[in-house]
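Visitor: structure, please.
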Amino acid sequence: MAELQKFKKTILFLSLLPAAFAGKSETLTYDFDLVVDSTGWMKSDNVSQLYRIPVVQQAGRAYVSYNSLNGKLVNYNVADKQYDISVAGEAYFRLSPETMLYSKASFVSENETDVVGSAFLSYYNRPFDLTFMDSDNKGDRKTERYSVMGALSHRLSEKFAIGFKLDYNAINMARMKDLRHTNKVLDLNFAGGVSYMPSEKIRFGLHYKYNRFVEGLKFNIYGTTDQQYMTLINFGAFSGRQELFDANGYTAKGENNPFVENIHSGGWQTEWQISKRLKLFNDLTYSSMDGYFGKKSSTSIVYTEHDGSTINENLSFIYTGNKTFQQLVLGFEKTAIDNYENSWRNETSASGNTVIEYYGQNLVGEKRFTRISGGYSLGWGNVNNAPEWNLTIGSSYTEREINSIIYPYYRTQKLDLYEHKVKISYQKNFGKVNLMISPGIKYRSGSGDKYIDGVYVTPSSDTGAPKYQDIFMDTEYDYLTSERVSPELILRFTMNKNSLGYFIEMKYENEFKISDLKENRNNIALKIGVNF
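Guide: Purely as a prediction, here's the structure:
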């Protein structure tokens, strides 16, 4: 615990330190929220072209924020009431005309009231889930997130540039009601890239990225020991195997069982200056993943192993006029994950010790996600190196297919999910004060089969049938597929004083179901900080 407190203080120190050394800044000449990406590289894992960002010396901000969410329009594993407090800082530093440094640090404290559902912090793209069977056993949950990120870009010559990015995230979560569990997460990302410029009109990039994700779970109880707690080993669509909390299994008492995943990614980028004003940027990435749940040792059990892949394609057309900026972005992403459960037994070695012997695997889960997206941005005018007016329109379609297998039984879920959004921003300077106002609206809906149950072959009388958690399944299906609208409004005031820009930003969002206005969720956020 002392180490966590020390790390928290370090994050706070790193977040605020740059402001103390701020020299000649570009307080209102670089807007982190409204600045447009004229290169296409800013969202890529290849940061070798970061040096081209239009920051002359330095531009940064540090802020504290408060976020409150209330309402019953939530997924099954999200609390009706939640509030977050965070502190963060980020900055660009130009070390030389050829070298740019970017750094960011943050700490977030999340507090949730009366929540029950998944034991994992994030389950959506995981191969399986650990789901509580008792949907009424709600309790409070507290999460702390620590993040440090740094990126460096350097132009080696007229034709070559290199870049490196390191992103470190640590998360601690505790559920404070039996069945209690603590989660400790390490999420480490490292990326290195190179870019080649054979001419002024074309640039090529190549990068490699490694992600290691470890989420350790430890279950325990502090109340009466005669009460039984059941957990569903949810292989998909809330179908799987039911487990009683005791000294063994996925939720073994006092054991720290980790979920481990390694992802290796490689990408290719192309930037082509088609004409004086029109530019094309393409970013294609392929990722390969593998992982497991459990402990890899001769006396511990690896319960599941999984593998998968993701292909991600983003294509941008960027048009820069005299007073306008336009960008059309098309995206495609496809992910496939297969999960296998190990078959094992205890064996006695020649020395008399008990060891784990594996004798096979069974395919228990298949997940497929396909997402197609498109977005268009139009900015015109110029205030503080950002558009005076900016209009953004976006749409996405996601096909989600999940298959859970307890042979010979299976359960399949197929969903089609849609999202559309429109947002407009306007900013204007009034002397030393900058005003930004940004209304927007989102629409979400979905359709598809909640579940289809079947068998591959006729089961025998002694074959154990799967267990289900239908209440959570109904909740998630309704949340994902119901028609929902969420208007939002953001206001920000920035005042210049002594080379610093002090700002306050307020946001209100209300998401509600069209069929039942009583099912809604309010989001109120306040951010106070300084640009330097």
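
Visitor: show me what contacts Thr39?
Guide: Listed by C-beta atoms under 8 Å, 6 or more residues apart in numbering, the contact set of Thr39 reads Gln49, Arg52, Ile53, Glu271, Phe281. C-beta here means a position set from N, CA and C on the backbone, and glycine is covered the same way.

Visitor: distance of it from Glu110?
Guide: 34 Å (C-beta to C-beta, to the nearest Å).

Visitor: helices of this structure, residue ranges please.
Guide: In order along the chain, the chain carries the following helices (DSSP state H): 2-20, 470-481.

Visitor: in stretch 267-274, what's buried?
Guide: Gly267, Gln269, Glu271 (16 or more other C-beta atoms under 10 Å).

Visitor: which of the residues you listed fall in strands?
Guide: Using DSSP state E, the subset of the buried residues of stretch 267-274 located in strands is Gly267, Gln269, Glu271.

Visitor: spatially central residue in this protein, please.
Guide: In the chain, the residue lying closest to the centroid (C-alpha atoms, centre = their mean) is Ser122, at 8.8 Å.

Visitor: so who does the closest residue to Leu378 other than its chain neighbours touch?
Guide: With C-beta to C-beta, 6 or more residues apart in numbering as the measure, Leu391 is the residue that lies nearest to Leu378, at 4.7 Å, once sequence neighbours are left out. Listed by C-beta under 8 Å, 6+ apart, the contact set of Leu391 reads Ser377, Leu378, Gly379, Val422, Lys423, Ile424.

Visitor: next, the contact list for the second one, please.
Guide: When you say that, I think you mean Leu378. By C-beta under 8 Å, 6+ apart, the residues touching Leu378 are Thr324, Phe325, Gln326, Asn390, Leu391.

Visitor: and it, how far is that from Tyr426?
Guide: In this structure, Leu378 and Tyr426 are 13 Å apart, going by C-beta to C-beta.

Visitor: among the contacts of Leu378, which one sits closest to Val87?
Guide: Distances from Val87 to the contacts of Leu378, taken as C-beta to C-beta, are shortest for Asn390 (27.6 Å).

Visitor: so that closest one touches Ser425, yeah?
Guide: Yes: counting by C-beta atoms under 8 Å, Ser425 is a contact partner of Asn390 at 4.5 Å.

Visitor: ok so, going back, pick the one among the contacts of Leu391 closest to Glu243.
Guide: When these are compared for distance to Glu243, the smallest value, 44.9 Å, is given by Lys423; criterion: C-beta to C-beta.

Visitor: so Glu90 bridges to which residues?
Guide: Here Glu90 sits in beta bridges with Arg61, Lys104, going by DSSP bridges.

Visitor: that one: how many residues sit nearby?
Guide: Counted with other C-beta atoms under 10 Å, residues neighbouring Glu90 total 18.

Visitor: was I right to think it contacts Tyr63?
Guide: No: at 9.2 Å, Glu90 does not count as touching Tyr63 under the criterion of C-beta under 8 Å.

Visitor: not counting its neighbours along the chain, what's nearest Ser109?
Guide: Using C-beta to C-beta, 6+ apart and skipping residues adjacent in sequence, the residue nearest Ser109 is Ile85, 4.9 Å away.

Visitor: what does the pLDDT read for that neighbour?
Guide: On the pLDDT scale, Ile85 is placed at 97.

Visitor: could you do Met1 as well?
Guide: As predicted, Met1 sits at a pLDDT of 44.

Visitor: tell me the strands beside the strand ranked longest in the chain, with direction?
Guide: For the chain, the strand reaching the highest residue count under DSSP E is reported as strand 354-380. In the sheet, strand 354-380 lines up against strand 324-348 (antiparallel), strand 389-406 (antiparallel) (DSSP bridges).

Visitor: mean confidence score for the longest one?
Guide: Confidence for strand 324-348, expressed as mean pLDDT, is 94.

Visitor: in that strand, what's buried?
Guide: Using 16+ other C-beta under 10 Å as the burial criterion, the residues of strand 324-348 that qualify are 325-327, 329, 331, 333, 335-342.

Visitor: show me how far it is from its chain's centre.
Guide: Counting by C-alpha atoms, centre = their mean, to the nearest Å, strand 324-348 is centred 13 Å from the centre of its parent chain.

Visitor: and the shortest one, by the same measure?
Guide: For strand 389-406, the gap between its own C-alpha mean and the chain's C-alpha mean amounts to 14 Å (C-alpha atoms, centre = their mean).

Visitor: can you give me the buried ones in that strand?
Guide: Of the residues in strand 389-406, those buried under the neighbour-count criterion (16+ other C-beta under 10 Å) are 390-392, 394, 396, 398, 400-406.

Visitor: now swap in stretch 156-173 and tell me
Guide: Buried residues in stretch 156-173, counting neighbours by 16+ other C-beta under 10 Å, are found at Ala161, Ile162, Gly163, Phe164, Lys165, Asp167, Asn169, Ala170, Ile171, Asn172, Met173.

Visitor: before we move on, what about stretch 502-513?
Guide: For stretch 502-513, the buried set under the neighbour-count rule, 16+ other C-beta under 10 Å, comprises Phe503, Glu505, Lys507, Glu509, Asn510, Glu511, Phe512, Lys513.

Visitor: so which of those residues sit within strands?
Guide: Among those, the members falling in strands (DSSP E) are Phe503, Glu505, Lys507, Glu509, Asn510, Glu511, Phe512, Lys513.

Visitor: what pairs with Gln326 across the strands?
Guide: Under the criterion used here (DSSP bridges), Gln326 is bridged to Tyr319, Leu378.

Visitor: distance to Tyr451 for the buried residues of strand 389-406 - can I get that in TSV?
Guide: Putting these into TSV (distance: C-beta to C-beta, whole Å) gives the following:
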residue	distance to Tyr451
Asn390	42
Leu391	40
Thr392	36
Gly394	30
Ser396	24
Thr398	18
Arg400	13
Glu401	12
Ile402	9
Asn403	11
Ser404	9
Ile405	13
Ile406	14
